[in-house]
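1. need the 3D shape of this:
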Amino acid sequence: MVRKLKYHEQKLLKKVDFINWEVDNNLHEVKVLRRYRIEKREDYTKYNKLSRNIRELAQKIRDLDEKHGFRAQSTTIFLEKLYSIGLIPTKLNLSLANEVNASTFCRRRLPTIMLKLRMAPSLKIATTFIEQGRILQ
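-> Residues are numbered from 1 along each chain as shown. Sure, this is the predicted structure:
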């Protein structure tokens, strides 16, 4: 039998989730954070949640009846939205929405786009340009 927690122990453990550990996916997460030079880990978790929501929505649209007009309409709207944001390369197929992950959001960050457009020689320099205010977001 476990003893009852003291008041200060309850306060400390109030915000701890023992079911979902954030350390489980740590190795891959650290690689992505380093690769795209993301300082805040919360940004990566937000990108992960957004990409999961996109994949779930794509699955729900795919589960609809093919003959139904709403499926075709919602598919075109959804793919247009993802294409205009820059998360998918073409608007051809709904299966492209399943490939959206946190790295696709990281590729749309300003320092990465600056590197892609050769406005900065490295990601580190692009990040410092933005932090110093030389390039406005």
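2. going by C-alpha atoms from here, please, whenever you check contacts or count neighbours.
-> OK.
3. how about the helices in the chain?
-> Here the chain has its helices, by DSSP state H, at 7-12, 26-35, 41-63, 69-85, 102-106, 110-116, 123-132.
4. output these in TSV, with mean neighbour count and distance to residue 92 appended to each entry.
-> Formatted as TSV, these follow (neighbours: other CA atoms under 10 Å; distance: least, CA to CA, whole Å):
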stretch	mean neighbour count	distance to residue 92
helix 7-12	10	50
helix 26-35	13	28
helix 41-63	16	14
helix 69-85	15	8
helix 102-106	19	18
helix 110-116	19	24
helix 123-132	15	31
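5. for the ones you listed, which one sits closest to residue 95?
-> helix 41-63 (8.0 Å; CA to CA).
6. how distant is that closest one from the center of its chain?
-> Chain-centre distance of helix 41-63: 7 Å, with CA atoms, centre = their mean, to the nearest Å.
7. restricting to C-alpha, output that helix in PDB.
-> Taking C-alpha atoms only, helix 41-63 is exported to PDB below (Å, rounded to 0.1, in the frame of the first residue of the first chain):
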ATOM      1  CA  ARG A  41      11.000  22.500 -27.800                       C
ATOM      2  CA  GLU A  42       7.400  23.700 -27.600                       C
ATOM      3  CA  ASP A  43       7.500  24.800 -31.200                       C
ATOM      4  CA  TYR A  44       8.300  21.300 -32.300                       C
ATOM      5  CA  THR A  45       5.600  19.800 -30.200                       C
ATOM      6  CA  LYS A  46       3.100  22.200 -31.700                       C
ATOM      7  CA  TYR A  47       4.200  21.200 -35.200                       C
ATOM      8  CA  ASN A  48       3.800  17.600 -34.200                       C
ATOM      9  CA  LYS A  49       0.300  18.200 -33.000                       C
ATOM     10  CA  LEU A  50      -0.600  20.100 -36.100                       C
ATOM     11  CA  SER A  51       0.700  17.500 -38.400                       C
ATOM     12  CA  ARG A  52      -1.100  14.800 -36.500                       C
ATOM     13  CA  ASN A  53      -4.400  16.800 -36.800                       C
ATOM     14  CA  ILE A  54      -3.800  17.100 -40.600                       C
ATOM     15  CA  ARG A  55      -3.200  13.400 -41.000                       C
ATOM     16  CA  GLU A  56      -6.300  12.600 -38.900                       C
ATOM     17  CA  LEU A  57      -8.400  15.000 -41.000                       C
ATOM     18  CA  ALA A  58      -7.100  13.400 -44.200                       C
ATOM     19  CA  GLN A  59      -8.000  10.000 -42.900                       C
ATOM     20  CA  LYS A  60     -11.500  11.100 -42.000                       C
ATOM     21  CA  ILE A  61     -12.000  12.600 -45.500                       C
ATOM     22  CA  ARG A  62     -10.700   9.400 -47.000                       C
ATOM     23  CA  ASP A  63     -13.100   7.300 -45.000                       C
END
